[in-house]
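Could you look at this predicted model? Sequence included:
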Amino acid sequence: MSKASGRPWKRDQIDQVKARIRQELAPLQSSLDRIPYLLNQIAQAEEQEPDRLIYVMTLLNTHVREGGLTDPQVKELFQLADALLTLQNIKPKSSSLAFLLGELHILKAQLHMSEGEPLLACIEQQLVEHVSGSEPPGGKSFQSLSLARMSLRLGEANLAVGYIERALESGLDANYFYYAQVMRLRSLRLSHRLDEADQIAGELLHDDRADPRSRREIEWETLCREVVRTGSIDGLMAVMNPRRDYYQASYILESFFWIRAIGGLQWMDHLPKMKSLGQKKGLNFKANAPYQRCAIHLERAYDKDIPLAHRLVLVKKTLQSVHALADIDKVLLVHLALLRWLIRRQCRELARFVYSEYAILSQRLSGTVDALGVASDLVQKNWNK
């Protein structure tokens with residue numbers, strides 16, 4: 001592709017293409033259906049460059065949310081998008097289509113976040129403002145919300161709360177309002193501002209506009225705050241069964257790590273094995289692939305039939321995978337669950353280092369060394385013995 005074909009693109013043309021593609025994809029709910037369809041459309045739309053660009057960006061957005069592409073595919077798609085924009089001679093800030101440059105950098109930022117690279121995501125987010133001009137994609141509220149997510153992943157929970165409140169004051173799109181509120185509740189929990197979170201959650205749950213998914217997330221955060229207050233996960237386990245709405249991949253994985261993050265073993269058999277869960281048709285773990293890998297490695301590490309040396313390799317793999325997690329609460333849970341395993345296997349030196357990681361991150365988030373609230377015994381432990 002050496003030169004642009006056809007007339008220069010117009011803003012209304014791009015908007016029409018986006019609307020048409022949204023309609024095309026409406027029947028395709030699963031990424032298993034969307035990804036092959038989009039790849040095929042990209043291949044066939046070589047002469048319709050605006051269509052091809054939007055198909056590419058839609059496919060990248062699908063991958064960011066649910067996975068499904070290989071690293072070489074992702075790299076090639078970004079290169080193709082860059083090439084299409086370059087051929088249109090779209091200039092940062094000054095062009096009427098500069099927002100497309102911003103949208104591409106947003107996708108890059110989101111990809112970095114999904115890979116647990118918040119600092120790289122921050123750079124891309126800065127570029128969004130630099131290239132988009134006076135109207136960045138999503139507006140100032142979306143930019144604040146993106147910065148909130150990056151701040152929280154970096155362990156700056158109070159800073160994240162500030163960005164979220166700024167986003168809410170600017171007026172968020174309805175699609176992002178409850179997403180922002182759930183992130184706000186999580187940030188308040190991890191910063192141990194529990195009473196504030198209680199008040200906000202109460203107001204949200206009395207709002208009839210909350211959809212079932214948002215309501216479920218708000219109620220889950222309420223259960224997690226009780227863990228911080230009581231040090232007990234009994235409330236979480238009470239809703240974690242196949243007859244409840246929480247029996248979904250993300251909550252199952254989180255429960256898996258809560259079970260292994262506490263000091264006792266009483267809930268260890270509460271969930272089926274990860275291999276069995278992964279085979280259930282109603283459970284989609286694809287969007288949580290790095291988290292699932294951590295769970296599979298740690299579950300195998302508890303298998304006494306595997307030699308300890310091999311299980312330590314699994315622990316290493318878990319530590320390698322944890323850095324790809326996009327959410328700081330997941331990072332905390334995996335570290336604490338690993339720490340419990342190391343203590344039980346009497347791997348004292350490595351346990352001390354993992355505890356240090358957990359304590360430092362907790363301190364940054366909450367001003368305490370136990371942000372999750374279930375490690376009081378480890379806080380009192382003499383690690384110098």
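That came through, no problem. Numbers count the residues shown, from 1 in each chain.

So, low pLDDT: which residues of the stretch 101-250 of the chain?
For the stretch 101-250 of the chain, applying pLDDT under 70 flags the ranges 134.

quick one: the helices in it?
118-132, 139-153, 157-170, 174-190, 194-205, 212-230, 234-239, 249-261 (DSSP state H, counting those that start in this stretch).

Name the nearest residue to His168, ignoring sequence neighbours.
To be clear, residue 168 is Leu; His isn't right here. Ala180 (6.1 Å; Cβ to Cβ, 6 or more residues apart in numbering). C-beta here means a position set from N, CA and C on the backbone, and glycine is covered the same way.

Could you do Arg193 as well?
Arg193 sits nearest to Val161 (Cβ to Cβ, 6+ apart), 7.6 Å away.

Repeat that for Arg11.
Ser96 (5.7 Å).

Near that neighbour, how many other residues are there?
Around Ser96 there are 14 other residues, counting by other Cβ atoms under 10 Å.

what's the answer for the one 4 residues further on, then?
By other Cβ under 10 Å, 25 other residues sit near Leu100.

so which helix or strand takes in it?
helix 98-114 (DSSP states H and E).

for the closest residue to Ser132 other than its chain neighbours, what are its contacts?
Excluding the flanking residues, the one nearest Ser132 by Cβ to Cβ, 6+ apart is Gly102, at 3.3 Å. Neighbouring residues of Gly102 by Cβ atoms under 8 Å, 6 or more residues apart in numbering: Val128, Glu129, Val131, Ser132, Pro136, Pro137.

same thing but at 7 Å, please
Neighbouring residues of Gly102 by Cβ atoms under 7 Å, 6 or more residues apart in numbering: Val128, Val131, Ser132, Pro136, Pro137.

and if you look at Val56?
So Val56 contacts Ile42, Leu77, Leu80, Ala81 (Cβ under 7 Å, 6+ apart).

same thing but at 8 Å, please
Ile42, Leu77, Leu80, Ala81, Leu84.

List the ones among these that fall in helices.
Ile42, Leu77, Leu80, Ala81, Leu84 (DSSP state H).

just those residues now: which is nearest Glu349?
Leu77 (44.0 Å; Cβ to Cβ).

Quick check: phi and psi on the residue nearest the centre of the chain?
Central residue of the chain (Cα atoms, centre = their mean): Ala326, 4.2 Å from the mean position. The phi and psi values for Ala326, taken as degrees, to the nearest 10, are phi -90, psi -10.

Surely it and Gln110 touch.
No. Ala326 is beyond contact range of Gln110, at 9.1 Å (criterion: Cβ atoms under 8 Å).

Name the helix or strand for Trp9, please.
Going by DSSP H and E, Trp9 is not part of any helix or strand.

My understanding was that it contacts Leu97; is that so?
Yes. Between Trp9 and Leu97 there is a contact under Cβ under 8 Å: 6.1 Å.

Now for these two: what residues contact both?
Going by Cβ under 8 Å, 6+ apart, residues that sit against Trp9 and also against Leu97 are Gln88.

more neighbours, the two?
Trp9 (21 against 18).

Ignoring the adjacent residues along the chain, who's closest to that one?
Excluding its sequence neighbours, the residue lying closest to Trp9 (Cβ to Cβ, 6+ apart) is Pro50, at 5.3 Å.

In whichever strand or helix holds that neighbour, which residues are buried?
Taking DSSP H and E as the definition, Pro50 sits inside helix 49-66. For helix 49-66, a neighbour-count test (16 or more other Cβ atoms under 10 Å) marks 49-64, 66 as buried.

now the helices of the stretch 101-250 of the chain as a markdown table including mean neighbour count and distance to Lys317?
Shown next, in a markdown table, are the helices of the stretch 101-250 of the chain (neighbours: other Cβ atoms under 10 Å; distance: least, Cβ to Cβ, whole Å):
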| stretch | mean neighbour count | distance to Lys317 |
| --- | --- | --- |
| helix 118-132 | 19 | 22 |
| helix 139-153 | 22 | 21 |
| helix 157-170 | 20 | 28 |
| helix 174-190 | 21 | 26 |
| helix 194-205 | 16 | 34 |
| helix 212-230 | 18 | 27 |
| helix 234-239 | 16 | 26 |
| helix 249-261 | 21 | 15 |
